[in-house]
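Engineer: Need coordinates for the below:
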Amino acid sequence: MHLENSIPGSYSVVNVQTLGREFLQLIETTDMQKVYKMPILYGFYNEGDVRLAVTDAEVVESWK
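Structural biologist: Presented below is the predicted three-dimensional model:
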């Protein structure tokens with residue numbers, strides 16, 4: 001499935017899926033304890049409203 005958006009600078013479905021897969025592989029293979037990985041993922045997940053970037057404060061808030 002490859003859908004291109006007509007909005008300049010927007011991502012196709014395939015590109016977003018590829019970026020997401022690469023990000024998850026990076027988190028999976030990064031040398032850090034699992035206890036730190038979940039708050040990072042929750043910070044990006046944001047209760048279903050996925051963020052493209054997170055701040056330290058957003059990660060701390062997701063950890064609470």
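
Engineer: ranges for the helices of this protein?
Structural biologist: For the chain, helices defined by DSSP state H occupy the ranges 13-29, 34-45, 56-63.

Engineer: So for the last one, what gets flagged as buried?
Structural biologist: Taking 16 or more other Cβ atoms under 10 Å as the neighbour-count basis, helix 56-63 is seen to contain the buried residues 58-59, 62. Bear in mind the C-beta positions are built from the backbone N, C-alpha and C, glycine included.

Engineer: Can you lay out those residues as CSV showing distance to G20?
Structural biologist: Shown next, in CSV, are the buried residues of helix 56-63 (distance: Cβ to Cβ, whole Å):
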residue, distance to G20
E58, 18
V59, 18
S62, 18
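
Engineer: Identify the residues contacting E58.
Structural biologist: For E58, the contacting residues are 43, 46, 51, by Cβ atoms under 8 Å, 6 or more residues apart in numbering.

Engineer: Quick check: pLDDT value at the second one.
Structural biologist: Spelled out, it's N46. Turning to N46, the model gives it a pLDDT of 84.

Engineer: what's the spacing between it and T55?
Structural biologist: 12 Å (Cβ to Cβ, to the nearest Å).

Engineer: Repeat that for M32.
Structural biologist: Counting by Cβ to Cβ - M32 and T55 are separated by 18 Å.

Engineer: T18: how many residues sit nearby?
Structural biologist: 12 (other Cβ atoms under 10 Å).

Engineer: again with V35
Structural biologist: V35: 8 neighbours (other Cβ under 10 Å).
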